[in-house]
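Engineer: only the shape, not the letters, is given here:
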């Protein structure tokens, strides 16, 4: 039986005391590739931030079966822009991910730089290590942010629409990177996306967010044509 990394017990999450999602009860299991889907504005990002611990739980409790201080979750935001006036290279951006494991007042050293370079290699971007982050394409930037998340050596990777705003070819490359990380390293991934076509063949399970709550189930069941038609009013093609 897979081990649980996170278990939600009748959880409510929201902002400034306003509940967005209620009565959440499911587990994220070790080694899962989990898609977090639902209509616009349903609360997908809210749930992701709740899992990260960035939002306070308004009810119930979230049980973590790993040490978040020793092994912090990796987080990939939807997009990140760094001002060109601070010309950080791709490698330097990835190096930021190692800071989570550094003791206070300790600077990144050879081990951390080696780790950052390895993570760039894992996402296929060795060749851009010395290039300014701002000069990269949208797809390359997202892969650098994935590498930054990997640099903290997480057991859990949480991604907020990593393929948003990039062309179809770049989106396919990003999904291939995530699939290989999950398959080869058993890295648990929770992915917010609108692109059902991309995640359908990869995700083992889906968390469907809609109507103020979220339900987890097998991919084939949660992405059945009748469910998609009911929610979106048309067959899912994207």
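Structural biologist: Cool, the structure landed. Note that this is a predicted model, so its numbers are computed, not measured.
Engineer: I figured residue 94 hits residue 147, correct?
Structural biologist: Yes - with contact defined as CB atoms under 8 Å, residue 94 counts as touching residue 147 (4.6 Å). Backbone N, C-alpha and C define where each C-beta goes, glycine included.
Engineer: so what's in contact with the two at the same time?
Structural biologist: 116, 119, 120 (CB atoms under 8 Å, 6 or more residues apart in numbering).
Engineer: pull the longest strand from the protein.
Structural biologist: If you go by DSSP state E, the chain has its longest strand at strand 4-15.
Engineer: ok, and the closest non-adjacent residue to the residue nearest the centre of the chain?
Structural biologist: Closest residue to the average C-alpha location of the chain: residue 159 at 1.7 Å, with CA atoms, centre = their mean. Of all residues not flanking residue 159 in the chain, residue 76 sits nearest, at 4.2 Å (CB to CB, 6 or more residues apart in numbering).
Engineer: neighbours around the one you found, how many?
Structural biologist: Using other CB atoms under 10 Å, residue 76 has 26 other residues around it.
Engineer: pLDDT score for it?
Structural biologist: Per-residue confidence at residue 76 stands at 93 (pLDDT).
Engineer: what is the rounded mean pLDDT of the helix or strand containing residue 198?
Structural biologist: For residue 198, the element it lies in under DSSP states H and E is helix 196-199. Averaging pLDDT along helix 196-199 yields 89.
Engineer: run through the neighbouring helices and strands of the next helix or strand after it.
Structural biologist: Once helix 196-199 ends, the next helix or strand along the chain (criterion: DSSP H and E) is strand 205-210. If contacts are counted by 3 or more CB pairs under 8 Å, 6 or more residues apart in numbering; DSSP states H and E, strand 205-210 sits against strand 33-37, helix 44-52, strand 213-218, helix 219-222.
Engineer: residues in contact with the third one?
Structural biologist: Looking back up the chat, that one is strand 213-218. Contacts for strand 213-218 (CB under 8 Å, 6+ apart): 21-24, 26-27, 34, 36, 38, 43, 47, 204-208, 222.
Engineer: same check on the second one?
Structural biologist: Residues outside helix 44-52 that contact it (CB under 8 Å, 6+ apart): 6, 11, 13-15, 20-21, 24, 28, 36-38, 55, 57, 62, 73, 75, 158, 160, 190, 192, 207, 209, 214.
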